[in-house]
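A.B. asks: What would the 3D arrangement of this be:
(2 chains)
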Amino acid sequence: MAAQRPDSPLLARSQELWLLACSVLTLVPGVEHIPHWLTAAAGLALAWRAAIWWRRASLPPRWLLTFLVFSGSLGVFLTYRQFFGKDPGVALLILFLVLKLLEMRRLRDGLAVIFLCYFLLLTHFLDAQGLDVAGFTLAALLGITAALSGLAHAGRPVLAHLRLSALMLAQATPFMLLLFLLFPRVQGPLWGMPADAYSGMSGLSDTMSPGSISQLSLSGEIAFRAHFEGDIPPKHQLYWRGPVLRLFDGRTWRAGAQTEKVSLPDTAAGTRVRYAVTLEPHNKPWLFALEVPSSAPPAAIVSREFQVLSKLPVRNRLRYEMQALPDFVPGAEESQASLHGYLGLPANNPRTRALVWQWRREAATDEAVVRRMLDFFRAENFFYTLTPPLLGDNSIDQFLFETRRGFCEHYASAFVFAMRAAEIPARVVTGYQGGERNPVDGYLIVRQSDAHAWAEVWLEGRGWLRVDPTAAVAPSRIEAGLAAAVPAGEPLPFIVRADLSWLRQIRFRWEAVTNTWNQWVLGYTPERQREFLSRLGMREPDWRKMTAVMAALCGLLLLGLTAWMLHNRTRLDPIVRAWNRLSRKLSRIGLARKAWEGPADYARRVTLARPELAQPLLAIATLYIDLRYGRLGGKQPIQKLRRLIADLNITAKR
Amino acid sequence: MQAVASFQRWLFRLYGPEAAPIVLRQRRIYVLPTGAGLAYAVALGFMLIGAINYNLSLGYALVFLLAGLGLVTLLHTFRNLVQLEISPGRTEPVFAGDAAHFGLCLLNRRPTGRPAISLRLAGGDWISADLAADATTAISLPLPAPRRGWLRCGRLTLETRYPLCLVRAWSYVEPDLTCLIYPRPEVAAPPLPVSATGELGGRLGGIGTEDFSGLRPHQPADSPRHVAWKAVAREQPLLSKQFAGASSADIWLDWNDLPPDMQAEARLSRLTRWVLDAHALGLAWGLSLPGRRLPSGHGPTHFQDCLEALALHGSPAP
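C.D. replies: A predicted model of the protein is given here:
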């Protein structure tokens, strides 16, 4: 029935340019996450398409495009060894977009480009969902939607399309809010995730070799935020315990097998610190807790080494509440057998062994050996630096006697090695130290640059004592943070530098806003949704109720918008309104204007019927004709016309 | 087939020609997604699955905003068509075989324009128009006119995909518009039958210029051949040449004088050609058809009367 339209119309040059610009806009933020060859290929294709546009050349032949599709897909497959999953999917989308641009001639192709752009906007969220990304996406959305409206109707000014696009997006926003709040949330993933799904999350690992923590310290990214009930404890107590490392192969420390601790110091006496942590996802099971954790949060355990472990890797922002016992010393009940595991050493680094054996013989107690070692760090010419020299096979010997420049992992590692050489049980603890209080919202922000490694030694009759050898070398690291401790000129992350105080103020504000964003927008999980809706008064919200309410509210909104849009019409021209009033007035004596009558004819007819009205009618008609068809304009003549019509005195025929 | 047609008439409320002005009310506007709109919905579905699978909160927000955009587009497209007024415009007669052009006036009473409205008569081509704010736009819709007589414009489709191509809103109306179609003039017709009257003889070729009798003000219906171009060149107003000689030469174009084996349509076709020629030469002529006789005369009115008589030969008036 509906007659077939001719083939999809060709695109105008202005439309092509818009589409090209939109594609560039959507592609640019993703560049850092795709393989280099694809970046180069996409750049070349875009430049080629732009050149075709500029010189009005013809598009590449179909066989060439087919070849490019196949070779591009092959490249994606060779890069990722699969087509499914996040990264290959994004790569394929980008490939299709640039190749679609190369065959873009008709409206249909233009629409395909637009839809691909919308889809690519979504993929940016895989890497980041901050406020900045949201802002960028909104701007891109405005441009792409304007391009889409340009497809429907070429030849209007760009500004008109942008205005329309902004209007429509503004009208769509209430729908978005309703759907966002009420669409029944499902905890993803829907199916098994490809292995690469969580690549790109950074954080501490459960191994430590020279350089691994100093590498992490270069990142200003936030590891977690903590909110304390009451005051934030002093800095030297802010040791956030992460992986505990026991096994050493001469170069790398590793964690041993973890077993759950049965008896927790939940009821121990002493001061308690209550706090809640919002942990950024890092794709590892460990949670960070202030020393010493008294109990485990839900779906997590505390190990025998007092490490808090989640049952699943942390892949979404996670909030948990904890209590810490800062004065508690654990491990008093350790047996000889269990302590044996903290003494193993590889058979190298002879100079260190010799030195420590000498101390061992001279010292009366284990504690004296610990003190000798710390004095050694203090007295000798050790440096705390982010850029230590590389170390060879006997890394501890080389560090202690030759280079003497190192970051916290060097000091912790050398210290624990020395203790074990003196047959004192010792272990490396990694985690974060310190943090920065945001004065705007009172949260303590802990960044990757606060990553730290320290040591614990077991002393007879006392238990596991924390010893931070870094504090011996660079006390300011503990009291004032990384920026104060390393020499000037080291490549610190921009965000932790101390010298730009006005920048810090801006940063604090920004991070407080980001925190709110994270807690309420990004953290709107199924649990939060249920909690929120019950607080709004929905009893036992389930998906049926949510869907019903959502559909009803969307329908109401749609009705309201329709009514508003249809009502918002015809405001008649004041001149026409005045003229219509004359006709209504004269209709009382049966002289309404006929639909086809012009003003002169009408005035003549009325004058013939009622000669006494000739004078005013002539004036009215002449003024009306001048206003409507002549050059006369402005407010005053219109008012005069109104007055003349109002003053017209009609008395019924005697 | 009959059932389908009557179902469509019921569905789209089509009950024959409608009185002007036709206002497109809400109830006669139909809205459905286009192919592109369906593709958009499918793309949103995939995006939603991606957002769920990777727990992208902003992904949800993006998908929902785009879904809202789809709904808003529906309204905008609908609004682009609703409350539009259609009234008949000027329609000129044409010859069979040409395209008839039906004039329509589209009145937009809204303070905003209505861009990208497409119109089409059943069997004709699409015409696209942008309607300015608070104004009347005259358009003319082509429709092939294969046969002489009255041609009804039939069903008019108005549609729009503005603003985002995702939704199509359309409406069917049947304006009360007809176009007179003259018979198709014969292509290789014999010359005018002046010799039959015997009066003009060999002088036929020069008759139009020699009998020039004077000038009169130009009227829009005058043939451009008769415009006094020299006077125009002297920047005088448009004048038409008048020919006195034509009245002296009475040509009779008679149906019965044509060869007896000629078909009726062929006869009409030849007579049409002759009427055209006689008018172009400024001659006076009379026309005789079975049951109708137009006395000798000349000028645009006589010309149109003759053509109308030829067009409607054998058919009742509409």
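A.B. asks: got the contact list for the closest residue to chain B within the stretch 201-350 of chain A?
C.D. replies: Scanning the stretch 201-350 of chain A for the residue nearest chain B gives A:N316, at 5.6 Å (criterion: C-beta to the nearest C-beta). (Glycine included, C-beta is placed from N, CA and C.) When contacts are counted by C-beta atoms under 8 Å, 6 or more residues apart in numbering or on different chains, A:N316 touches A:P281, A:T525, B:N55.
A.B. asks: Make sure A:P243 is indeed in a helix.
C.D. replies: No. Secondary structure assignment places A:P243 outside any helix; it is strand (DSSP: H, G, I helix; E, B strand; the rest coil).
A.B. asks: I figured A:S294 hits A:Q323, correct?
C.D. replies: Yes. Because the distance of 4.7 Å satisfies C-beta atoms under 8 Å, A:S294 is recorded as touching A:Q323.
A.B. asks: Tell me how the chain divides into domains.
C.D. replies: If you meant another chain, say so; for now it's chain A. Listed domain ranges for chain A are A:13-182, A:207-496, A:526-567, A:574-647 (source: automatic domain parsing).
A.B. asks: Chain B was what I was after
C.D. replies: In the assignment given by automatic domain parsing, the structural domains of chain B cover B:12-182, B:201-311.
A.B. asks: Next one: the closest residue to B:R225 other than its chain neighbours from chain A, what distance?
C.D. replies: Leaving out its chain neighbours, the residue that sits closest to B:R225 by C-beta to C-beta, 6 or more residues apart in numbering or on different chains is B:A280, at 6.6 Å. Per C-beta to the nearest C-beta, to the nearest Å, B:A280 is found 36 Å from chain A.
A.B. asks: Which strands and helices lie in contact with the host helix or strand of A:E321?
C.D. replies: According to DSSP states H and E, A:E321 maps onto strand A:318-324. Strand A:318-324 is packed against strand A:273-279, strand A:289-290, with contacts defined by 3 or more C-beta pairs under 8 Å, 6 or more residues apart in numbering or on different chains; DSSP states H and E.
A.B. asks: what's the next helix-or-strand element following that strand in contact with?
C.D. replies: Next along the chain after strand A:318-324, taking DSSP H and E as the criterion, comes helix A:336-340. The list of residues contacting helix A:336-340 from outside it, by C-beta under 8 Å, 6+ apart, reads A:R304, A:P425, A:W458.
A.B. asks: Repeat that for stretch A:76-83.
C.D. replies: With contacts defined as C-beta under 8 Å, 6+ apart, stretch A:76-83 is touched by A:P35, A:W37, A:L38, A:S73, A:D87, A:P88, A:G89, A:A91, A:L92, A:L95, A:P194, A:D196.
A.B. asks: Which ones among those residues lie within helices?
C.D. replies: Secondary-structure check on these using DSSP state H: residues within helices are A:W37, A:L38, A:S73, A:D87, A:P88, A:G89, A:A91, A:L92, A:L95.
A.B. asks: Looking at those, which is nearest chain B?
C.D. replies: Where those are concerned, and distances follow C-beta to the nearest C-beta, chain B has its nearest neighbour in A:G89, at 8.4 Å.
A.B. asks: mind listing what's buried in stretch B:93-100?
C.D. replies: Buried residues in stretch B:93-100, defined by neighbour count with 16 or more other C-beta atoms under 10 Å in any protein chain shown: B:P93, B:V94, B:F95, B:A96, B:A100.
A.B. asks: With secondary structure and pLDDT added, can I get those in JSON lines?
C.D. replies: Formatted as JSON lines, the buried residues of stretch B:93-100 follow (DSSP: H, G, I helix; E, B strand; the rest coil; pLDDT from 0 to 100):
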{"residue": "B:P93", "secondary structure": "coil", "pLDDT": "87"}
{"residue": "B:V94", "secondary structure": "strand", "pLDDT": "88"}
{"residue": "B:F95", "secondary structure": "strand", "pLDDT": "88"}
{"residue": "B:A96", "secondary structure": "coil", "pLDDT": "87"}
{"residue": "B:A100", "secondary structure": "strand", "pLDDT": "87"}
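A.B. asks: quick one: average pLDDT of stretch A:60-67?
C.D. replies: Here stretch A:60-67 scores 90 as its mean pLDDT.
A.B. asks: For that stretch, output the C-alpha coordinates as PDB.
C.D. replies: In PDB, the C-alpha atoms belonging to stretch A:60-67 read as follows (Å, rounded to 0.1, in the frame of the first residue of the first chain):
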ATOM      1  CA  PRO A  60      36.800   3.800  -2.800                       C
ATOM      2  CA  PRO A  61      35.400   0.800  -4.800                       C
ATOM      3  CA  ARG A  62      33.500  -1.900  -3.000                       C
ATOM      4  CA  TRP A  63      36.100  -4.600  -3.400                       C
ATOM      5  CA  LEU A  64      38.700  -2.500  -1.600                       C
ATOM      6  CA  LEU A  65      36.300  -1.900   1.300                       C
ATOM      7  CA  THR A  66      35.500  -5.600   1.500                       C
ATOM      8  CA  PHE A  67      39.200  -6.300   1.600                       C
END
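A.B. asks: List the contacts of it.
C.D. replies: Applying C-beta under 8 Å, 6+ apart, the contact partners of stretch A:60-67 are A:W48, A:L99, A:L102, A:E103.
A.B. asks: I appreciate the help and will end here.
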